[in-house]
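Could you work out the structure for the sequence below:
(one chain, ligands or ions: 2)
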Amino acid sequence: MKHLVCLSDWSAEEVKETLKMAEKLKYERKNGIMHNHMLKGKTLGLIFSKSSTRTRVSFEVAMYQLGGYSMFLSANDIQLGRGETVSDTARTLSRYIDGIMIRTYKQSDVEELAAYGTIPIINGLTDSQHPCQILADLQTVKEYKGKFSGLKLAYVGDGNNVANSLLIGCAKVGMDIWVATPEGYECDEKSVEIAKKAALESGSVVNTGYDPFEAVKDADVVYTDTWVSMGMESEKEKRVKTFMPYQVNNELMSKAKPDAIFMHCLPAYRGYEVTADVIDGPQSVVFDEAENRLHAQKAVLVKLMG
Ligand code: CP
Ligand code: NVA
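Ligands and ions are numbered 1, 2, ... in the order given. The predicted structure is shown next:
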């Protein structure tokens, strides 16, 4: 039984194969080639304890276009929200459906679902990881740059779920990653350790520090995310003050290579982590990146549920 709880569950080969499949499925979609036989008769449950636009819609549409069915399960409406255990939920849902995508707070809840369920579990974001996002991001980099090795991706801002998964994803495919966060907001140590191990195998560089200008220098890709992730709203005021020097604006972008692309998982908050002229400017690829959630997740679904 294969899951996508964390990108560390997958070998570099599996990540690359999935990206190839995503490319093929995107081509088919763009050229009117139907692939609605691939998950015919399969049902995916989508459990959400946090808000979502991209993840929810792209998974629902992906299941539809692959010939399957999806079921939106707000954690507030199912018994999980009233205290039914994760393990009982996993064992019950496994009797009805063929896979679960879950967006929640604790990574350990997703691990528990995978441990007790008998169907594939897909992490649709936790406080510590966002693997589906990173597969779409890697697909986007490949489209724009044609390769991974020899490229430098700079992530500037909060050492959050997206940054943790990016570290692992970039290291697996052999792209250098430099992360700059304020002190006290570093990526989690376990993700850095996993990434460094993967980088040894792929021959890439993992560098974490505090200087956004050093990180962005000669970068091929500049990436940021919100300073206030879901569940951290009460820290907003403090965070905005701390993170201002990490804003991605034209001055910071000018340190990257002239043909660098700008990426953001979205939702974005203009005037905070990124200025409008950058995210709405010519270097920004954020909507291709958002689109690729659909294609990359289709590849994940076919791999795990096909
Ligand atoms: N990037 C991302 O996961 O977006 P949503 O929160 O809208 O799903
Ligand atoms: N880091 C953000 C990502 C949203 C897709 C959050 O967790 O809210």
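
what about the strands in the stretch 1-150 of the chain?
Taking DSSP state E, counting those that start in this stretch, the strands of the stretch 1-150 of the chain run over residues 43-48, 69-74, 99-103, 121-123.

so what does the second one touch, helix or strand wise?
Contact partners of strand 69-74 among helices and strands, from 3 or more Cβ pairs under 8 Å, 6 or more residues apart in numbering; DSSP states H and E: strand 43-48, helix 54-65. For glycine as for every other residue, the C-beta is placed from the backbone atoms N, C-alpha and C.

now that strand and strand 43-48, what's the angle there?
Inter-element angle recorded for strand 69-74 and strand 43-48: 20 degrees (by axes from the mean of the first three to the mean of the last three Cα atoms, to 10 degrees).

follow-up on the earlier one: among the helices and strands packed on strand 69-74, single out whichever gets nearest to residue 87.
Evaluated over those, closeness to residue 87 peaks at strand 43-48, with 14.0 Å, by Cβ to Cβ.

Is any residue of the closest one near ligand 2?
No - using Cβ under 6 Å from any ligand atom, strand 43-48 stays clear of ligand 2, coming no nearer than 12.1 Å.

which helices and strands does that strand pack with?
Looks like strand 43-48 contacts helix 54-65, strand 69-74, strand 99-103 (3+ Cβ pairs under 8 Å, 6+ apart).

would you put the C-alpha positions of that strand in PDB?
Extracted in PDB, the C-alpha atoms of strand 43-48 (Å, rounded to 0.1, in the frame of the first residue of the first chain):
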ATOM      1  CA  THR A  43     -14.100   7.100  -5.100                       C
ATOM      2  CA  LEU A  44     -11.800   9.600  -3.300                       C
ATOM      3  CA  GLY A  45     -12.900  11.100   0.000                       C
ATOM      4  CA  LEU A  46     -11.600  14.600   0.600                       C
ATOM      5  CA  ILE A  47     -11.400  15.500   4.300                       C
ATOM      6  CA  PHE A  48     -10.900  19.200   5.100                       C
END
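
Enumerate the residues of the stretch 1-150 of the chain near ligand 2.
So far as Cβ under 6 Å from any ligand atom goes, the stretch 1-150 of the chain lies against ligand 2 at residue 125.

quick one, helices of the stretch 1-150 of the chain?
If DSSP state H, counting those that start in this stretch is used as the criterion, the helices of the stretch 1-150 of the chain fall at 12-30, 54-65, 86-93, 107-116, 131-145.

who wins for proximity to ligand 1 among the ones you listed?
helix 54-65 (3.3 Å; Cβ to the nearest ligand atom).
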